[in-house]
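*Asks:* Show me how the following folds:
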Amino acid sequence: MKLMRSFLGPHDPVSLALVAAELAVNVGPWKQAAVLGIGGLNAVGFDRASETMLVTSVNGQSVIDGATGEILYRNRDEDGLDASALKGTRLDHPADERFDMAGLYGGGLRTMTDDGWSVERIGSYCVLHPAGASVHFLDAKWAEYNKDASFHLVDRSGEEIRAHGFSWTGRTLICATPSTLSIWNRPAPLTL
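*Replies:* The predicted model follows:
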């Protein structure tokens, strides 16, 4: 809370709203699939065609099904992370396409889905916004525009947020700290 107040100011409406918000578990179409303890988490990346995630840590590599949170593969000896290129290799399928990774060494995951959901880090908070909405619209400078200020708090552990974002398909959302990987997913978005 102290970090948030110094970041935005003690009486900033965004800061006050985040401090008062309840932690979201299920939000609209988003359902929490898993919260996994992963000590020393370094980076996370998604397969481009599925919900499969590659997670690297000081304790090796895990391949996780983002739809269920199930660990599909575990290697405790190697992590397969090329930190300088921000790429990860599945050690159980090394010939497969490498994963774009985000975490301790940089990089980034998608922060908006094709249908407009967005996620952002504000200090040590991870915030999910429905399409067209933002917690920042609580600020007085937006009052005259009557914008949607709805938001959902998905993490406030107080730990550094190493990575946050959506899978390439837009069906899985993650928030990763050095010790925890929280996963939400949803059915395929409707297309128009």
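*Asks:* contact partners of the strand ranked longest in the chain?
*Replies:* Longest strand in the chain, counting residues (DSSP state E): strand 30-37. For strand 30-37, the surrounding residues in contact (C-beta atoms under 8 Å, 6 or more residues apart in numbering) are 24-26, 64, 66-69, 71, 128, 152, 172-173, 179-186. Placement of C-beta: from N, CA and C, glycine included.
*Asks:* That one pairs with which strands, parallel or anti?
*Replies:* strand 26-27 (antiparallel), strand 180-185 (antiparallel) (DSSP bridges).
*Asks:* Buried only: go through the contacts of strand 30-37 for me.
*Replies:* 24, 64, 66-67, 69, 128, 152, 172-173, 179-186 (16 or more other C-beta atoms under 10 Å).
*Asks:* Let me see the contact set for the residue lying closest to residue 81 once chain neighbours are set aside.
*Replies:* Excluding the flanking residues, the one nearest residue 81 by C-beta to C-beta, 6 or more residues apart in numbering is residue 56, at 4.3 Å. Neighbouring residues of residue 56 by C-beta under 8 Å, 6+ apart: 41-44, 79-81, 88, 101, 103.
*Asks:* which residues does residue 56 bridge with?
*Replies:* Beta-bridge pairing for residue 56 (DSSP bridges): residue 43, residue 61.
*Asks:* Nearest the geometric middle of this structure, what residue?
*Replies:* Per C-alpha atoms, centre = their mean, the C-alpha nearest to the average position across the chain is that of residue 164, at 2.5 Å.
*Asks:* what helices or strands is the helix or strand harbouring that residue leaning on?
*Replies:* Assigned by DSSP states H and E, residue 164 falls within strand 163-166. Strand 163-166 is packed against strand 99-103, strand 118-122, strand 172-176, with contacts defined by 3 or more C-beta pairs under 8 Å, 6 or more residues apart in numbering; DSSP states H and E.
*Asks:* Run the chain-centre distance for that strand.
*Replies:* Its chain's average C-alpha position is 3 Å from that of strand 163-166, according to C-alpha atoms, centre = their mean, to the nearest Å.
*Asks:* CA-only coordinates of it, as PDB, when you get a sec.
*Replies:* The C-alpha coordinates for strand 163-166 follow below in PDB (Å, rounded to 0.1, in the frame of the first residue of the first chain):
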ATOM      1  CA  ALA A 163       5.300 -11.000 -16.100                       C
ATOM      2  CA  HIS A 164       1.600 -10.400 -16.800                       C
ATOM      3  CA  GLY A 165      -0.500 -10.700 -19.900                       C
ATOM      4  CA  PHE A 166      -2.500 -12.900 -22.300                       C
END
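*Asks:* mind checking the SS state of the residue lying closest to residue 70 once chain neighbours are set aside?
*Replies:* Distance criterion C-beta to C-beta, 6+ apart; nearest residue to residue 70, sequence neighbours excluded, is residue 64 at 6.9 Å. For residue 64, the assignment made with DSSP: H, G, I helix; E, B strand; the rest coil gives strand.
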